[in-house]
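Trainee: my questions are about this predicted structure, shown below with the sequence.
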Amino acid sequence: MTDLSKIRNFSIIAHIDHGKSTLADRLIQVCGGLTDREMSEQVLDNMDIEKERGITIKAQTVRLNYTARDGETYELNLMDTPGHVDFAYEVSRSLAACEGALLVVDAAQGVEAQTLANVYQSIEHDHEIVPVINKVDLPAAEPDRVAEEIEEIVGIQATGSWQEGGSVHTSAKTGLGIEDVLEALVARIPPPQGNRDAPLKASLVDSWYDPYLGVVILVRVIDGVLKKGLEVRFMQGGTQHLVDRVGCFTPKRTDLPDIGPGEIGFITAQIKEVEQARVGDTITTVKGGADKALPGYKEVQPVVFCGLFPVDAADFEKLRESIGKLRLNDASFSYEMESSAALGFGFRAGFLGLLHLEIIQERLSREYDLDLITTAPSVVYRVHLGHTKNEDAKVVDIHNPADWPDVNRIDTVEEPWIKATIYTPDEYLGAILKLCQDRRGVQTNLTYVGGRAQVTYELPLNEVVFDFYDRLKSISRGYASFDYEQIGLREGDLVKMNIMVNAEAVDALSLIVHRSVAEERGRGMCERLKDLIPRHLFKIPIQAAIGGKIIARETIAALRKDVTAKCYGGDISRKKKLLDKQKKGKARMREYGNVSIPQEAFIAALRMGEE
Ligand SMILES: Nc1nc2c(ncn2[C@@H]2O[C@H](COP(=O)(O)OP(=O)(O)OP(=O)(O)O)[C@@H](O)[C@H]2O)c(=O)[nH]1
């Protein structure tokens with residue numbers, strides 16, 4: 001157990017690509033945590049998807065021993081935090097476990113919106129923030145300008161040398177300035193406080209499933225000592241467990257005799273499901289435990305929902321198994337079985353946000369080799385129902401258009417809103433304002449900082465879950481950054497729009513939309529479907545309707561005659577091949593009002609496209 005004054009707990013805040021992982025690797029290398037060969041792989045981002053998309057999903061912590069220039073050896077705990085708004089709660093729990101943070105800013109790019117959100121959180125946790133201006137080796141680097149920008153935008157000192165309270169200049173690539181980062185950490189980040197003799201209080205920072213160890217729990221001990229063999233109680237979850245392993249990551253897993261106050265480490269306790277080890281819970285001893293849990297616990301609720309269906313109906317069991325496995329490691333997404341006339345059996349799943357949805361979807365297709373159809377994402381609507389002869393008035397939360405109540409019973413509908421902060425080079429501002437305006441946004445602020453604009457909008461979440469982020473990226477050629485937080489429910493004139501093919505409603509294409517944009521969306525959808533559905537022998541009307549009212553219509557003209565009949569006269573084997581091919585094709589079609597709709601059409605129709 002280390003003397004409290006020799007411990008430093010910190011996290012790294014950085015915008016994607018500003019060099020967080022590279023810097024972390026360097027810190028590990030300097031502290032001798034790994035050999036060169038082991039360093040050849042980036043250590044902190046360990047999932048494929050994280051690597052490819054450059055996003056850290058699960059927090060990992062590394063304990064480093066650093067012998068400083070003062071001759072003392074310090075225990076540095078580096079807490080990696082997920083870098084995306086969808087995981088804001090996990091971020092807040094990780095930050096709460098630290099006393100300080102490194103703020104890494106690219107010397108050529110400067111401060112970005114997403115960095116800001118995390119910095120503000122860090123400031124809220126009373127962190128000592130050490131600015132690190134990275135990539136000073138780049139020809140385009142302007143460390144002095146960026147230092148001024150940090151002062152101006154973030155409001156912390158960044159000019160001057162790090163010894164004077166300014167920023168550390170580094171190149172994580174060449175290794176320049178890495179020791180200065182470690183010295184600045186030791187000198188400027190305060191040591192943790194805690195009482196070894198008080199009842200045990202440890203904060204559950206993160207948990208994940210390990211096939212060999214079961215659920216691994218990352219903890220920050222506040223008071224008391226965590227040891228193997230201790231009977232512990234999870235104060236929020238209400239369960240009891242026997243601690244059977246205590247340790248840390250260096251980054252290799254290393255067993256320890258105990259974890260004392262101020263320290264970060266992991267425990268295992270024969271827990272089978274991450275659901276039982278909820279982030280934010282307080283761990284104490286069964287005997288003589290603490291009587292009050294640590295503040296800040298929150299149960300996370302999914303906010304974005306969508307249907308997940310296998311393209312090949314025969315894959316349903318495989319999908320069920322795979323979803324179950326993923327859920328073992330991620331208690332924040334939920335799912336239940338759903339069936340759709342168009343898409344067969346599948347699941348309705350809930351996510352923390354769009355990125356979370358994409359990650360799960362990608363893992364299902366990549367790790368489990370599943371071909372999936374995802375229905376349009378939906379948010380949770382609060383619907384107020386009036387009373388009827390037989391039923392009292394009541395309030396229901398709806399996240400599936402299929403469950404939308406009868407219009408006549410609906411009094412009012414509320415929808416979730418967000419506050420979005422967008423940070424963009426000037427030249428794209430006009431197009432971005434238009435996009436926000438088109439999505440029912442209400443502008444609340446617009447400021448300019450060093451040739452870039454920061455604009456805040458209040459937007460209905462349902463306008464954002466569609467393709468807002470993709471559109472934003474495409475109109476700003478990738479330069480705009482976007483960040484959001486939820487700001488509660490507001491009443492809205494929301495209606496269910498059905499899409500009918502040959503007079504039959506296609507359930508998978510139903511949407512909840514605001515009345516003001518319904519016609520435009522309906523028209524877009526009908527136009528796309530017209531191109532996506534092959535011609536049949538009869539005329540096919542495609543309609544968008546709200547209740548009984550048709551708001552948009554397209555017609556697919558009939559094929560005049562059976563053109564295939566005469567093409568393939570003689571060759572039997574060729575004809576057979578063709579029939580086989582047709583049969584396979586049929587399996588991927590869905591019948592609606594006698595119309596065969598190719599599977600691809602659903603996917604393409606749901607893509608909002610470049611309207
Ligand atoms: N020239 C230069 N490139 C750097 C430096 N530090 C990192 N990079 C490069 O910048 C890119 C992003 O670095 P990462 O360390 O993956 O960035 P990150 O902030 O961890 O990004 P995410 O993990 O994607 O959030 C990589 O191609 C690095 O090689 C540096 O000091 N100089």
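Mentor: Noted; the coordinates are in hand. Numbers count the residues shown, from 1 in each chain.
Trainee: use CA for all of it now, contacts and neighbours both
Mentor: OK.
Trainee: in the stretch 201-350 of the chain, what residue is nearest the ligand?
Mentor: residue 251 (16.3 Å; CA to the nearest ligand atom).
Trainee: which helix or strand contains that residue?
Mentor: According to DSSP states H and E, residue 251 maps onto no helix or strand at all.
Trainee: quick check: closest non-adjacent residue to it.
Mentor: Ranked by CA to CA, 6 or more residues apart in numbering and with sequence neighbours excluded, the top spatial neighbour of residue 251 is residue 62, at 5.1 Å.
Trainee: what is the neighbour count of the one you found?
Mentor: 22 (other CA atoms under 10 Å).
Trainee: report the separation between it and residue 170.
Mentor: Using CA to CA, to the nearest Å, we find residue 62 at a distance of 21 Å from residue 170.
Trainee: one more: residue 378?
Mentor: Residue 378 is 44 Å from residue 170, by CA to CA.
Trainee: quick one: the strands in the stretch 301-450 of the chain?
Mentor: 304-310, 334-340, 344-351, 372-374, 381-385, 394-398, 410-425, 442-449 (DSSP state E, counting those that start in this stretch).
Trainee: winner for burial among these?
Mentor: Most buried of these by mean neighbour count (mean count of other CA atoms under 10 Å) is strand 304-310; its value is a mean of 24.
Trainee: now do it, average pLDDT.
Mentor: If you average the pLDDT over strand 304-310, you get 90.
Trainee: hmm, back to that, need the three-state assignment for the residue nearest to residue 251.
Mentor: strand (DSSP: H, G, I helix; E, B strand; the rest coil).
Trainee: run through the residues of the protein sitting next to the ligand.
Mentor: The chain comes close to the ligand at residues 14-22, 54-56, 134-135, 137-138, 171-173, as judged by CA under 6 Å from any ligand atom.
Trainee: of those, buried ones?
Mentor: Buried by 16 or more other CA atoms under 10 Å: 14-16, 18-22, 55-56, 134-135, 137, 171-172, out of those.
Trainee: tell me which of the residues you listed is nearest to residue 214?
Mentor: residue 56 (21.7 Å; CA to CA).
Trainee: ok, for residue 253, nearest residue in space, not its chain neighbours?
Mentor: Nearest non-adjacent residue to residue 253 (CA to CA, 6+ apart): residue 247, at 7.1 Å.
Trainee: okay, the helix or strand where that neighbour lies in CSV with CA atoms only?
Mentor: If you go by DSSP H and E, residue 247 is part of strand 245-249. What follows is strand 245-249, C-alpha atoms only, in CSV (Å, rounded to 0.1, in the frame of the first residue of the first chain):
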residue,chain,number,x,y,z
ARG,A,245,-9.0,-11.3,-6.3
VAL,A,246,-7.5,-7.8,-5.9
GLY,A,247,-5.1,-6.2,-8.3
CYS,A,248,-4.2,-3.6,-10.8
PHE,A,249,-3.1,-3.3,-14.5
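Trainee: quick one: contacts of it?
Mentor: Contact with strand 245-249 is made by 61-63, 226-228, 253-259, 264-269, as judged by CA atoms under 8 Å, 6 or more residues apart in numbering.
Trainee: which of the residues you listed count as buried?
Mentor: 61-63, 226-228, 256, 258-259, 264-269.
Trainee: the contacts of strand 245-249 in strands, which ones?
Mentor: Judged by DSSP state E, the contacts of strand 245-249 include 61-63, 226-227, 253-255, 258-259, 264-268 as members of strands.
Trainee: ok, so of these, who is nearest residue 304?
Mentor: Out of these, the member with the shortest distance to residue 304 (by CA to CA) is residue 61, at 28.9 Å.
Trainee: list the contacts of the closest one.
Mentor: 77, 78, 79, 80, 249, 251, 264, 265.
Trainee: same thing but at 7 Å, please
Mentor: 77, 78, 79, 80, 249 (CA atoms under 7 Å, 6 or more residues apart in numbering).
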